[in-house]
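A.B. asks: give me a model of this one.
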Amino acid sequence: MTKDTVTSNLLRQMEKKIAITRSALTETSENANGDETKSEGKYDTRAIEAAYLAEAQAAQLAIAEESLATLKRFEPRPFEMTEVIGVGALVEADQEGEICFYLLAPTGGGLMTEYLGCDVTVVTPDSRLYQELNGKKMGDELEKPALMITGVE
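C.D. replies: Have a look, this model is predicted:
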């Protein structure tokens, strides 16, 4: 398995998330305009609430589609074990005796997949962990969270 496989897995996850969000938006939009949400009195706000929900889902969908486009353009370069960590690095870490990986990416924060039987979590520039890892090298330790960098790809 390679870093390219990791990013491919993440792309598939984002595409599934977008499909689910799109489906939910369609259903919510239908509910906002359907017979079931017709006002039955001046205090019945179901249609208004459904419209607000549809608007929020549309905004989430736009953000997710933009993130997907960014991730599709993202081509993480290979890192040497002795290099300083930066965007595109796949960082192996020992966290309380468990091996885990972090992919420093421009978007997709929080997405997870597997690599070599271990969890890989995407961290983005707005996360504290990304900022802590950026500029470090193999062998460096972080206090919060407590982890030691054991590899860089």
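A.B. asks: following the host helix or strand of residue 27, which helix or strand comes up?
C.D. replies: Applying DSSP states H and E as the criterion places residue 27 in helix 3-33. The C-terminal neighbour of helix 3-33 among helices and strands, as given by DSSP H and E, is helix 46-73.
A.B. asks: next, the buried residues of that next one.
C.D. replies: Going by neighbour count (16 or more other CB atoms under 10 Å), the buried part of helix 46-73 is 47, 50-51, 53-54, 57, 61, 64, 67-68, 71. Quick note: C-beta positions are derived from backbone N, CA and C, even for glycine.
A.B. asks: dump the residue contacts of the residue sitting nearest the centre point of the chain.
C.D. replies: For the chain, residue 108 is the residue whose C-alpha lies nearest the centre (CA atoms, centre = their mean; 2.7 Å). By CB atoms under 8 Å, 6 or more residues apart in numbering, the residues touching residue 108 are 10, 14, 67, 71, 122, 124.
A.B. asks: name the spans of this protein whose pLDDT lies under the cut-off.
C.D. replies: Residue ranges of the chain with pLDDT under 70: 1, 34-44.
A.B. asks: what number of residues lie near the nearest residue to residue 112 once chain neighbours are set aside?
C.D. replies: Among residues not flanking residue 112 along the chain, residue 121 sits closest, at 5.3 Å (CB to CB, 6 or more residues apart in numbering). If you count neighbours by other CB atoms under 10 Å, residue 121 ends up with 17.
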